[in-house]
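# The following comprises the amino acid sequence and a computationally predicted model.
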Amino acid sequence: MIKSLFKAIIILFVVFTVNPFFSGCSDDSDPTGPNGNGDGITVTVTPNSLELLLGNTQQFNAEVSGTTDTRVNWEVEGGSDWGTITETGFYSTPEDLPDPATATVRATSVADSSKNGTAIITLLEDTSGSNLTQEERELCVLAFSSGADASALAEDAISLGVQAVWLASEINGGMATFTGTLTQTAPGSNYWVYSSSPSDRLVLAYSGVPQVEFTFTIFDGYTEGTYEDFLYQHNLDFSVYQADLIDARIQSQKDYVRKNHPGFLDTQEWNSEYSGYINGTVVYEGEMVDLVLNMSGDEYGYLESPFLWLEYDEFYTGSANSGRISMSIDERMHSILSHNSDAGEHVRNKQLWSNTTATLEGVSYAYQNVGVAWAWATDLYDSTGSGVYNVVIDDNYWEASGTMFRGGVLWGQVMFDGPVIEGTHGPELILRTEEEDIILHTLIQFP
């Protein structure tokens, strides 16, 4: 099974990035604090409801708030008759339709086992008579946004590595520290101890999970502020290793230019340009994948309280190859975020373009001139007084186009699976083939 390869890798990596840094190096023993079992812990599972045909899979995510220990334990209520789920939230349907045909996936907080979140899955039999294999379906989904997914893996590694250097340097009295070992004393603890060995790499020894190793060749940038400031202005070259997960070299450069607005102290405006590269292997379900990805982009931001405007352009090119599949990645993403904190309004616009191609067991699959645009908003103080969350806006902005060729022959059309209606959670993006519709992306994640 191909599954959502890069997405699964990202989730595995994020399990270990519980943001333990910069909350001090002493253990917080307050039972209602961020490491305690207070009532403030909540677990939210997304998506929280969906329909799945037998033979399909779904990646679930769990957001944990109210604690620094964001780990969860996954389970399917009722056992394997209703499907199975991995420790990273990857769900597989059962082979046969159970009775009742509704599965409940549960994520339980490790910090407080009384706190959990659930998702409801309506299981359906495939009566379409389609001849598509599950691997074909998964390949179409994976190829659609593989560049963005792999880029997120690199961003997670960069953030974690920089946080590790910041903490090691803090423990060493402010002296820049790029080697040694940081050891977490207990799962979810804020307390870390440092030792100077090894002398050639920086090791994050998490409690109860595999350690992560960073070997830095270049670590330059803005070091006078927080680690978040450094992430905006840096030049990095390092390798990251975690057993049975990733062994890769990552390069990243980001330049930040702030524009001055004399006399307007509350106004900030900036530009940032970014380029990155990841080259190495990632391992998923025992299959080694060679990944090479070039990333570049720019960001424009404007902040004048209570208004915020962020605009991104990102480009991804590269390849991903395993024993069974090979992929040539060619994607672009454009995103706009606007926010009004006084009015409680949050608006997002996104566009994605793809010409990614892939080969599965000798058969070629090629997206050609795919372009998708969609927009949604949250309004906490709408006219009803109850608020609206992640709903369609500007239906004229929405557009989906492009084709998929299989074996050199036109095979499918990229489109929405229904009308675009303002105020709803919108249609899904699909690849319509003669055999069946393949869901490529749930464009708006709704509560």
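Arrived safely, thanks for sending.
# Off-centre distance for stretch 299-318?
Offset of stretch 299-318 from its chain centre (C-alpha atoms, centre = their mean, to the nearest Å): 18 Å.
# now the end-to-end length of that stretch.
22 Å (C-alpha to C-alpha, to the nearest Å).
# Okay, buried residues for that stretch please.
Glu299, Gly301, Tyr302, Leu308, Leu310, Tyr312, Asp313, Glu314, Phe315, Tyr316, Thr317, Gly318 (16 or more other C-beta atoms under 10 Å). Yep, even glycine has a C-beta here, placed from its N, CA and C like the rest.
# The helix or strand where Asn294 lies: partners in the sheet, and parallel or antiparallel?
Here Asn294 sits within strand 287-304, counting by DSSP states H and E. The pairing partners recorded for strand 287-304 under DSSP bridges are strand 267-284 (antiparallel), strand 307-321 (antiparallel).
# could those go into CSV alongside distance to Asp379?
As requested, those are exported to CSV (distance: least, C-beta to C-beta, whole Å):
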stretch, distance to Asp379
strand 267-284, 25
strand 307-321, 15
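# got CSV for these, with distance to Lys350 and mean pLDDT too?
Formatted as CSV, these follow (distance: least, C-beta to C-beta, whole Å; pLDDT from 0 to 100):
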stretch, distance to Lys350, mean pLDDT
strand 267-284, 18, 89
strand 307-321, 10, 95
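# wait, Ala168 sits on Thr183?
No: using C-beta atoms under 8 Å, Ala168 is not in contact with Thr183; the gap is 11.1 Å.
# Compare those two and say which is more crowded by neighbours.
A count of neighbours by other C-beta atoms under 10 Å puts Ala168 above the other of Ala168 and Thr183, at 24 against 16.
# ok, the more buried one to Ile430 distance?
Ala168 sits 48 Å away from Ile430, going by C-beta to C-beta, to the nearest Å.
# How about Gly79?
The gap separating Gly79 from Ile430 is 32 Å, by C-beta to C-beta.
# Could you tell me the end-to-end distance of stretch 61-75?
Length of stretch 61-75, first residue to last, C-alpha to C-alpha: 13 Å.
# Now do the phi/psi pair for Asn396.
With angles defined as degrees, to the nearest 10, Asn396 sits at phi -70, psi -20.
# what about it, distance to Ser335?
For Asn396, the distance to Ser335 equals 19 Å [C-beta to C-beta].
# got it, and Gln253?
From Gln253 to Ser335 the distance is 21 Å (C-beta to C-beta).
# Which SSE is immediately downstream of the lengthiest helix in the chain?
Scanning the chain for the longest helix, with DSSP state H as the assignment, gives helix 146-171. Proceeding N to C from helix 146-171, the next assigned helix or strand is strand 180-184, under DSSP H and E.
# and the angle for that following strand with helix 146-171?
Interaxial angle of strand 180-184 relative to helix 146-171 (axes from the mean of the first three to the mean of the last three C-alpha atoms, to 10 degrees): 100 degrees.
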